[in-house]
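[1] model this:
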Amino acid sequence: MITAIVMIDVEVDKIPDVASKIASAPQVTDVYSVTGNVDLIAIVKTPQYDDLATIVPESIAKIPGVKSLTTHLAFKEYSSQELASAFDLGLD
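    Now for the predicted structure:
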């Protein structure tokens, strides 16, 4: 599964509407309103890398109110269980 983290800058008065539209885009699993350099972060999961070429520029970037976006691809996913075991020293 390919995971993309899409950082989205949005016109301030359109954040709730844009977030709703992004959340309904194909293969978007989560949308977060955040503090910092961007307004929204969307998580996109798809089985095919080529699908991102449609989802991000066609479905997300063209939503009215989206000013700009940056896409980051995840190399590896670490679950909370994996992280806990990585720091486990084996002490009771």
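[2] would you list every one of the strands in this protein?
    With strands called from DSSP state E, the chain shows them at 2-10, 28-33, 40-46, 66-73.
[3] and the helix ranked longest in the chain with strand 66-73, angle?
    In the chain, taking DSSP state H as the definition, the longest helix is helix 15-23. Helix 15-23 and strand 66-73 are oriented at 40 degrees to each other (axes from the mean of the first three to the mean of the last three C-alpha atoms, to 10 degrees).
[4] follow-up on the earlier one: as TSV, the strands of the chain with mean neighbour count would be great.
    No exception for glycine: its C-beta is placed from N, CA and C like everyone else's. TSV is the format used below for those (neighbours: other C-beta atoms under 10 Å):
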stretch	mean neighbour count
strand 2-10	19
strand 28-33	15
strand 40-46	19
strand 66-73	14
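[5] Pull the longest helix of the chain out as CSV, backbone CA atoms only.
    Extracted in CSV, the C-alpha atoms of helix 15-23 (Å, rounded to 0.1, in the frame of the first residue of the first chain):
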residue,chain,number,x,y,z
ILE,A,15,-11.0,25.4,5.3
PRO,A,16,-14.1,23.5,6.5
ASP,A,17,-15.6,23.2,3.1
VAL,A,18,-12.3,22.2,1.5
ALA,A,19,-11.6,19.7,4.2
SER,A,20,-15.0,18.1,3.7
LYS,A,21,-14.4,17.8,-0.1
ILE,A,22,-10.9,16.3,0.4
ALA,A,23,-12.2,13.8,2.9
